[in-house]
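Q: Quick one, fold the following:
(2 chains)
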2 protein chains.
Amino acid sequence: MTHINPYAWGLDKNSANFVALSPLSFLERTAHVHPQRTALVYGRLRQSWAETYARCRRLAGALAGRGIGAGDTVAVMLPNTPAMFEAHFGVPMCGAVLNTLNTRLDASVIAFMLAHGEAKVLLTDREFAGVIGPALATLGERRPLVIEVVDPSAPAGQQLGEIDYERFLAEGDPDHAWRLPADEWDAIALNYTSGTTGNPKGVVTHHRGAYLNSASNAIAWTLPEGSVYLWTLPMFHCNGWCFPWVMALTAGTSVCLRRVDPVRIYELIREHRVTHMCGAPIVYSLMISAPPELRAGIDQPIKGLVAGAAPPAAVIEGCEAAGIETTHVYGLTEVYGPSAICAKQPEWSALPVVERARLNSRQGVPYPLQQAVTVLDPLTMQPVPADGETIGEIMFRGNAVMKGYLKNPSATQEAFAGGWFHTGDLGVLHPDGYVKITDRSKDVIISGGENISSIEVEDALHHHPAVLSAAVVALPDAKWGEVPCAFVELKGGSIVSEPELIDFCRPLLARFKLPKQIVFGELPKTSTGKIQKYVLRERVRSSSAIE
Amino acid sequence: MTHINPYAWGLDKNSANFVALSPLSFLERTAHVHPQRTALVYGRLRQSWAETYARCRRLAGALAGRGIGAGDTVAVMLPNTPAMFEAHFGVPMCGAVLNTLNTRLDASVIAFMLAHGEAKVLLTDREFAGVIGPALATLGERRPLVIEVVDPSAPAGQQLGEIDYERFLAEGDPDHAWRLPADEWDAIALNYTSGTTGNPKGVVTHHRGAYLNSASNAIAWTLPEGSVYLWTLPMFHCNGWCFPWVMALTAGTSVCLRRVDPVRIYELIREHRVTHMCGAPIVYSLMISAPPELRAGIDQPIKGLVAGAAPPAAVIEGCEAAGIETTHVYGLTEVYGPSAICAKQPEWSALPVVERARLNSRQGVPYPLQQAVTVLDPLTMQPVPADGETIGEIMFRGNAVMKGYLKNPSATQEAFAGGWFHTGDLGVLHPDGYVKITDRSKDVIISGGENISSIEVEDALHHHPAVLSAAVVALPDAKWGEVPCAFVELKGGSIVSEPELIDFCRPLLARFKLPKQIVFGELPKTSTGKIQKYVLRERVRSSSAIE
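A: As a prediction, the model looks like this:
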C-alpha cells in the first residue's frame, strides 16, 4: 500500500501563521504594550517607547521619502546616543541595511567602508568631523547624503551635514506604514571587521539572526522586563551585541552615554538604578579601580556581560566586591556578538575565586538559541578529543551566523568551508564540553616546529606583580623560524628589567616558550580595550621599534 | 544608473548559517551543557538530562526501526509521566508527529482520533485500558502498534500493548543518529480540539512554532535556568503549553505526577522545592482551599501561569497568601497554548486585590514572540475601537499559529479567513490595548480547564425519547469554573426526572461532560425557531431560573 502523508497537503503558510522573524517586531510590540515606559535616557532626555517608535517610523519614512529602500546602505558614525539607538530600528524599517562605523577608525578606513558598502546616507556627529570630513572628500560623486545629529554635549567640531537629524525626522510621518522585510533572510546590518591583513571585511547579518540572537541574549541572561541597561558597550560593535533589539524585546530602559568614564558611569548607575551592562574586561577594570567613594549610594545588584577577552580573576573578584555579577560570553561580529556563554554550574559557586576565574575564563557552550560551538580539526572537520589539550579551530554553526562577507565570495566561502563558520580562533575542548581559546590562529608562534600559545606566555608574564598588561607575538628568527617577543606595560611606578622578567617566567614555561625579547611601553588598544596585536606585529616586522 | 543591490548575491544560506528551528535542539544542547542535572523526577526516579537524551534517542531509533518516520502519527494516551515527557522528543526526533490524546475522553472519540490521525503507533497506560480497549476494537486493520508504558503506581487495568515501553526502547540505540526536520515548517504535533460542532478537529503544529513559543514562554515568564517545574498541567493539553520543550531550553527539572491532588502537590513542592507550575484556575483553587498544614515547611516563592479561564480575585488573593505569584495567560490549541499574556504594569501592584483581579482577568497582549492578538470585526477585518465596549472576534497572527486542521481544508480556510486566526472568542479592546474576552465562543463550556462542546451534551440529551429540545450552557461553578447546565423541553405528555436524564447520558458522555443541573420548561426561540441561548445564559447568570 502506498503511504500517503496526511500532513503533506492543506497545511501551507499564510499571513496568519507565518511572519518574517525581525527584531523590528519587538519595537512594535513594546510600543503597544508599554507605551509610557521609558525607552531612552540621555542627559535630561526621557523618551518613552511610544515616542521612540514614532521617531523610528519618522526616520524610516524620511529615508523612504529620499528613495532609500531594500538593498541600500545607511551608515552611521555615532556615539551611544538616542539617534544611534533609533537608527537600529528606523533604518531597517525602510528596508535598508544599517552600517555602524567604528568611531575610532581613521579617515582612509572610513572612506573605504563608505565606498565599499555603497552608503547612500551617513548619520554623523560633529565629534567625528575631523575623520568624516577627509573621508567624504575622497568619495567624490559617491558621497552619501550626510545627516548631522546635533548634540549640545558633543565636543566642538565642524558641521558637515546637509541637514540635521531632527529636521530630517520631520520629513517622515510618525505613523509611517513601514513593513517587515519580505524575507527574514534579508540583510539588516553591515559591520566591518578590522581585518588583520588587507581591507576590512563587511559582515552582513540578517533579520532572522538578529531576532534569534536577541531572544538568545534575553534567555541566556534571564533578562527581566524593564531592566535598566547602561550603554558602556559601543553600539557600533556588532550592533551593541544586539542589545538595542534586546531592550525592545524586554521593554528595558537604555541609559545612553557618549564615552566610558568611571565617574559618569557611577553617576548614571546611581541616578537611574542601572541593573545591567555589557563590556570588555577593561570597562569593569576601570570601574573597580575607581575611587570607592564613587560607588556611594549604589545598592542595587548589577549584572554584567563580559566579552572581548576572558575576565581575569582580579576583575571577577573586584566586580563581586562591587556588587556586579559578571557572566563571560564569547563571540565575533560574524555571530552577532555573544553567541557562546561560559554557563555557570551551580557547584562552581563554592570554589575559591581563582578557580572560579579559571572556569569562567573559558568560552563555554553555545548560546541558548545558537546551534553549536565546538573545536574541530580544520583539515578533517572532525571534533578534537575533549581532553583540554588537543588544539583545533573554534567553529560555530546555527541561525546566529552571518549571511557572509559583502562582495567577497572567496572570503565567504573560506569562512564557511565544510559547513561551519571558522572563527580563526584556536582552542581546545575541555572534558566538560566547554570550549577554551588557546590563541588566535595568527597568534600562534611556531618555533623550531613547536607551536607556542602566545596566551600561555602572556599568562606567565601576568603573574609578575609589576605587569599591568602583556602581549606576545612572533619575532622572526633565523634559527628557529619564530621566537616569542613580549610587549609589556607596567603598572604605574613599577620597575622590572628584561632579564628579571624572563627569569621570573622560567619556572612557569618550557624553555623554548620563554620570551626572547621584552619591549616595555604602553600597548596599543582598540576602542573596546582589546590589545591590537597586529600593530605590535607590524612593529616587529618593521623591526625598528624593537632595536 | 541602474541600482544594483550589493546584498543580492553571494550571501546565501548554507549549513553553517541556517538550521531548521526545532525544539529538539534544546534537548541536544542541554544534554551537552548540563548532562548531570536532573531532567525528570517521578516517584523515586531521578533522571539526568544525559539519560533523558539517550532514552529519547532510543525511542526515536526504535520507532525508525519499526518503519516510523516523516508524516507518520504516533499517538499517546498517557498521564504526566516520564514516558509522556520523552515522547515529546523521541517521536519528532524520528520525523513523526506526536498526537497526545486527552485521557478524559471516551472510547468512541478516541477511536475517531486514532483513525482520523492515522496513528501507526500508540503509547498507553493501563489506567486507560477501559477506554483504549474498546477504541482499538473498532479500528480493525487500522489498529496501531500498541506500546504499554508500565507504571507500578498506575491503577489496576488490563494490559493491552504488544510490547512494553522499556523493551521497545531497548530496540533503539542511545546514540541514534536522529536528524532535525528537513524543514522547520514540518509538523511536530497533532492535537484534537473538542469542536463545537461535529467531529474534533486535528490541530497540526510545526517545529518552528514550537521552538518560538517555547522561547516566548521562557521570556514572558523570565524563566531562570534550572527551575523546578511541577506538572500540574496535563501534557496532553497543547503539549503542556510547550513546557516539555521549555524545560529542555532552560535546563529545568520536571516533577511528574499522575493526577492533580493537593496533598501530593504539596508533598512534591516541599520535597523538590518546586518553583514553577501551570494550570487552570481550578488547580490553584484546589491548592489554596486545602488545609493550611499541608503547606508547612514550604518557603520558596512559586510562580504560576494560569489559563483556561480568568483567575477570580479569590484565587489571585489566595495564591498571594500562599506564596504563589500568578500570571494570567491566554491561548488555544491552535496557538500552541498560551500566546497572549496579561502583562502586569508596575503601577498595578499598588492597587487593591479586586482591582488587580479585574485588570489581570484580561487576556492581554501578544506573547513576546507572537506577532499579534487583537479584536477585529470579523466582517470587515478592521480593529474594533479600543473602547472596552465594542465587541469583535479575538484573532491571532504570527509564527505561533498552527499549520491548519488535518485533512480539513474548509475548516482551515475558515479559521484563517482574512489572514488572521479566528479564535471564535468574542471580546473587546480596552483603552490600554489589552484584549478582554466578553463571551467565550458561544457553545463551549470550560470545566476544570477542559472544553466541553454544549452541542455534544445536547446531542446526548436528544437521544432520550422524552426530550423535545435541549440547550446546554455554562453554569458558573466555584470548583470547576463552569459546568454544563441543560435546559430541556419535553415532548407533550412525557415525564422524566433530572437524575433519570443524567443517568441516561452516562454511557454517552465522559463524566465531566454530564450536565450538573437540568431545568425543564419551554425554550426561548427566535422567530425562525432557533433557540436563544443568550437568554438562557442570562437566566443562568441572574440565577433566578435555576433555583
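Q: Could you give the separation of the host helix or strand of residue A:411 from the chain centroid?
A: Using DSSP states H and E, residue A:411 maps to helix A:409-415. Here the centre of helix A:409-415 is set off from its chain's centre by 21 Å, with C-alpha atoms, centre = their mean, to the nearest Å.
Q: Check which helices and strands that helix sits against.
A: strand A:404-405, strand A:421-429 (3 or more C-beta pairs under 8 Å, 6 or more residues apart in numbering or on different chains; DSSP states H and E). For every residue, glycine as well, the C-beta is placed using N, CA and C.
Q: how about it: buried residues?
A: By neighbour count on 16 or more other C-beta atoms under 10 Å in any protein chain shown, the buried set for helix A:409-415 is A:411-412, A:415.
Q: Going by distance to chain B, which of those wins?
A: Among those, residue A:412 lies closest to chain B (C-beta to the nearest C-beta), at 6.1 Å.
Q: ok, and the closest non-adjacent residue to the closest one?
A: Excluding its sequence neighbours, the residue lying closest to residue A:412 (C-beta to C-beta, 6 or more residues apart in numbering or on different chains) is residue A:404, at 3.6 Å.
Q: Do you know the pLDDT at that neighbour?
A: If you check residue A:404, the pLDDT there is 98.
Q: can you redo the helices and strands packed on helix A:409-415 as a markdown table with mean neighbour count?
A: Converted to a markdown table, the helices and strands packed on helix A:409-415 look like this (neighbours: other C-beta atoms under 10 Å in any protein chain shown):
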| stretch | mean neighbour count |
| --- | --- |
| strand A:404-405 | 28 |
| strand A:421-429 | 23 |
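Q: which outside residues touch stretch A:104-117?
A: Contact with stretch A:104-117 is made by A:73, A:75, A:77, A:99, A:101, A:119, A:122, A:131-136, A:138-139, A:142, A:144, A:190, A:192, A:194, A:199-200, A:202, A:406-407, A:526-527, B:6, as judged by C-beta atoms under 8 Å, 6 or more residues apart in numbering or on different chains.
Q: Recalculate using a threshold of 7 Å.
A: Residues outside stretch A:104-117 that contact it (C-beta atoms under 7 Å, 6 or more residues apart in numbering or on different chains): A:73, A:75, A:99, A:101, A:122, A:131-132, A:134-135, A:138-139, A:142, A:144, A:190, A:192, A:199-200, A:202, A:406-407, A:527.
Q: now swap in stretch A:475-494 and tell me
A: A:445-448, A:452, A:454, A:457, A:461, A:466-474, A:496, A:501, A:513, A:515-523, A:536, A:540, A:546.
Q: In PyMOL, select just the buried ones from these.
A: A single PyMOL command selects the buried members of those (16+ other C-beta under 10 Å):
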select buried, chain A and resi 445+447+452+454+457+461+467+469+470+471+472+473+474+496+501+513+515+518+519+523+536+540
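Q: just checking, which of the contacts of stretch A:475-494 belong to helices?
A: A:454, A:457, A:461, A:501, A:536, A:540 (DSSP state H).
Q: Quick check: closest non-adjacent residue to residue A:321.
A: residue A:288 (7.4 Å).
Q: brain fart, residue A:239
A: Residue A:239 sits nearest to residue A:189 (C-beta to C-beta, 6+ apart), 5.5 Å away.
Q: that older thread, relative to residue A:230, which of the buried residues of helix A:409-415 is nearest.
A: residue A:415 (33.1 Å; C-beta to C-beta).
Q: Report the contact partners of the closest one.
A: Applying C-beta under 7 Å, 6+ apart, the residues near residue A:415 are A:421-422.
Q: where does it sit relative to residue B:230, distance-wise?
A: 46 Å (C-beta to C-beta, to the nearest Å).
Q: Compute the number of surrounding residues for residue A:188.
A: Around residue A:188 there are 27 other residues, counting by other C-beta atoms under 10 Å in any protein chain shown.
Q: ok, now which ones touch it?
A: By C-beta under 7 Å, 6+ apart, the neighbours of residue A:188 are A:92, A:97-98, A:205-207, A:210.
Q: 6 Å - rerun?
A: Contacts for residue A:188 were tallied using C-beta atoms under 6 Å, 6 or more residues apart in numbering or on different chains; they are A:92, A:205-207, A:210.
Q: Can you flag which of the residues you listed belong to helices?
A: Reading helices off these with DSSP H, I get A:92, A:207, A:210.
Q: Need the pLDDT of the second one.
A: At residue A:207 the predicted local confidence, pLDDT, stands at 98.
Q: Residue A:228 now?
A: 98.
Q: what about burial for the contacts of stretch A:104-117, which qualify?
A: Buried among those (16+ other C-beta under 10 Å): A:73, A:75, A:99, A:101, A:122, A:131-132, A:135, A:144, A:190, A:192, A:200, A:202, A:406-407.
Q: now, which of the residues you listed lie close to chain B?
A: Taking C-beta under 6 Å from any C-beta of the partner chain as the test, chain B is in contact with residue A:407 out of the buried ones among the contacts of stretch A:104-117.
Q: Tell me which of the buried ones among the contacts of stretch A:104-117 fall in strands.
A: Applying DSSP state E to those, the entries found in strands are A:73, A:75, A:99, A:122, A:190, A:192, A:202.
Q: in its sheet, what does the lowest-mean-pLDDT helix or strand in chain A sit against?
A: Ranked by mean pLDDT, DSSP states H and E, the weakest helix or strand in chain A is strand A:450-452, scoring a mean of 74. Strand A:450-452 has the following strand partners under DSSP bridges: strand A:445-447 (antiparallel).
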